[in-house]
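Chemist: generate coordinates for the sequence data below:
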Amino acid sequence: MIKNFKWLLLVSLAFVACNNDDEDTTPAEVPITPGSAVFTKYVALGDSFAAGYSDGALFAKGQQGSYANILSQQFALAGGGAFTTPLMLDNIGGFSSGGTQVAGFPTRLVFNPLTSSPVNVPGVSGTSITAHLTGSFGNLGIPGAKSFHLMAAGYGNVAGVPSGAANPYFARIASSATTTILADAVAQKPTFFSLFIGGNDVLGYATSGGIGKNQTGNPNPATYGSNDITDPTVFANVYTALITGLTAGGAKGVVANLPYVNALPYFTTVPYNPAALTAPLAAQLNSGYAVYNGGLQQMVTNKLLSEAEAARRTIKFAAGNNAVVIVDSYLTDLSAYGLPSYRQATKEDFLVLISRTFIGTTVGGDPTKVNGLSVPLADNWVLSKDEVKEVSTATDAYNVTIEAIAKEKGLAFVNTRTVMAQLSNGGVNFGGFNMTSAYVTGGAFSLDGVHPSARGYGLIANIFIDAINVKYGSTLRHVDLGIYPIQYPANL
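Modeler: Numbering: from 1, shown residues only. Model (predicted):
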């Protein structure tokens, strides 16, 4: 009886639903509101990610698709005002000087299907490295900027560009030769800001394979090299000063922490064991390292080396895929005994993206001298597990600072590390698409292996929007990631 009653009830409900065609049963769309945030004047501070850098260059189309520009468009629907971006003059990318492309700033990359590799687009950028734009700009994302650069006077002095003392991207828009990025931001009296900074404080060290210094304990950034890891205390002091300056006028904002850079496709694309060998070739290579391996065992016999380290350093090849041989300066120095610091890579080491075209090449055409096999890879080709630890330790410290200040100042907080982990493990699903961190095919990153694709920048904008909505009660909407390409064509 009860079962029959339930069945009749379901039938009656279905009948009513079918006979209410004139009623709109679609849920009402939530109006777009700013909540307690005020988007009237938005400024974005950061590095190349905020600028829209992609495919190894800064170009107009990429800038228009930056997460900061996307955010400004969503803010406009909730009362946001005009947002200005210092667009490059074309879509060639990089800078020119006297009609010639500046070597350190090449044109953007495009994918060549014939070689299955990226190539630079032909042409010369119409943007001169000495050109200067007037006016104020909401997008103050400066490619190459580290945390302390945002407060460095003279960082936008065009006279300092040739020596590397100044940044041409900031020199192009700086209000004066002595101003700072923070000062130019505060002068605009922002009501809302975004700050995503700190990636470059470890990135140069990582992409160079750990060539640089871990400057922990050194409080003077003026003495840092371009690849050095920023002291976490310096980062904390700078970050505190940045947020203090940005919020002094009552502005609200959103800040983001940092993912581990070794999760980027620049480090995950080339496997540690890419060398496919035949049994005869493996035997030949083993013969070449016999003296080295024998020397290690002699060190163990003489109690100058532990068996564990000797095993770690022993080089052995076999038929099939093999790990490359690398130079590892973190090993015990045995140079006094005529033994170099060699070992084979493991899955805890990360070969940089550009090593894929170097491994397997020969030295001077000599077939017995093969890079990565008979000739060990130098430090610049590999971010070793000890160097990864240094990068991760610094990143962890930066993130503690970012989250603590976000809580103290009541700012929206974005956890980019979580999203990066998701991209690396299964990907992010949206609509009928799946986006991962895989190089070229994953869709999240551009051809340089470090910077996002247009679709990747859309994803960043969406996670920023989520954090803003949660913190300020806003009802900003996501952008449709499907409308953003994963690669830019050669002709734009």
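Chemist: hey, let's count contacts and neighbours off CA atoms from now on
Modeler: Noted.
Chemist: and the strands in the stretch 1-150 of the chain?
Modeler: Counting by DSSP state E, counting those that start in this stretch, the stretch 1-150 of the chain has strands at residues 42-46, 96-97, 100-101, 109-112, 117-120, 139-141.
Chemist: do the same with the stretch 351-492 of the chain
Modeler: Counting by DSSP E, counting those that start in this stretch, the stretch 351-492 of the chain has strands at residues 362-363, 366-370, 382-383, 412-414, 428-430, 433-435.
Chemist: start and end of stretch 187-197, how far apart?
Modeler: Start to finish, the residues bounding stretch 187-197 are 20 Å apart (CA to CA, to the nearest Å).
Chemist: just the buried residues of the longest helix belonging to the chain, please?
Modeler: When the chain is parsed with DSSP state H, its longest helix is helix 385-409. In terms of neighbour count (16 or more other CA atoms under 10 Å), helix 385-409 has its buried residues at 385, 387-388, 390-392, 394-396, 398-399, 401-403, 405-406.
Chemist: ditto for stretch 248-262
Modeler: Using 16+ other CA under 10 Å as the test for burial, stretch 248-262 gives Ala251, Lys252, Gly253, Val254, Val255, Ala256, Asn257, Leu258, Pro259, Tyr260, Val261, Asn262.
Chemist: out of those, who's nearest Val43?
Modeler: Looking at the buried residues of stretch 248-262 and their distance to Val43, the nearest is Gly253, at 9.4 Å (CA to CA).
Chemist: am I right that the closest one sits in a strand?
Modeler: Yes: under DSSP: H, G, I helix; E, B strand; the rest coil, Gly253 falls within a strand.
Chemist: ok, which stretches of the stretch 151-300 of the chain are helices?
Modeler: With DSSP state H, counting those that start in this stretch applied, the stretch 151-300 of the chain shows helices at 168-171, 181-186, 200-207, 232-247, 265-268, 279-288, 290-301, listed in chain order.
Chemist: quick one: closest of the strands of the stretch 1-150 of the chain to Gly210.
Modeler: Ranking these by distance to Gly210, with CA to CA as the measure, places strand 42-46 first at 23.4 Å.
Chemist: strand partners (parallel or antiparallel) of that closest one?
Modeler: strand 139-141 (parallel), strand 192-196 (parallel) (DSSP bridges).
Chemist: which of those strands sits most buried?
Modeler: Sort those by mean neighbour count, taking mean count of other CA atoms under 10 Å, and strand 139-141 sits at the top with a mean of 29.
Chemist: quick revisit: let me have the strands paired with strand 42-46 in a markdown table, extended by mean pLDDT and distance to Asp466.
Modeler: Shown next, in a markdown table, are the strands paired with strand 42-46 (pLDDT from 0 to 100; distance: least, CA to CA, whole Å):
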| stretch | mean pLDDT | distance to Asp466 |
| --- | --- | --- |
| strand 139-141 | 98 | 21 |
| strand 192-196 | 98 | 13 |
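Chemist: okay, the strands of the stretch 351-492 of the chain in a markdown table with mean neighbour count next?
Modeler: Below are these laid out as a markdown table (neighbours: other CA atoms under 10 Å):
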| stretch | mean neighbour count |
| --- | --- |
| strand 362-363 | 14 |
| strand 366-370 | 14 |
| strand 382-383 | 26 |
| strand 412-414 | 24 |
| strand 428-430 | 13 |
| strand 433-435 | 16 |
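Chemist: Ala310 is nearest to which of these?
Modeler: strand 382-383 (20.8 Å).
Chemist: before we move on, back to that, any idea which of the helices of the stretch 151-300 of the chain gets closest to Pro113?
Modeler: Among those, the nearest to Pro113 by CA to CA is helix 265-268 (19.1 Å).
Chemist: just checking, what packs against the closest one?
Modeler: Packed against helix 265-268, as judged by 3 or more CA pairs under 8 Å, 6 or more residues apart in numbering; DSSP states H and E, are the following elements: strand 350-351.
Chemist: for His478, phi and psi?
Modeler: Main-chain torsions, His478, degrees, to the nearest 10: phi -70, psi 160.
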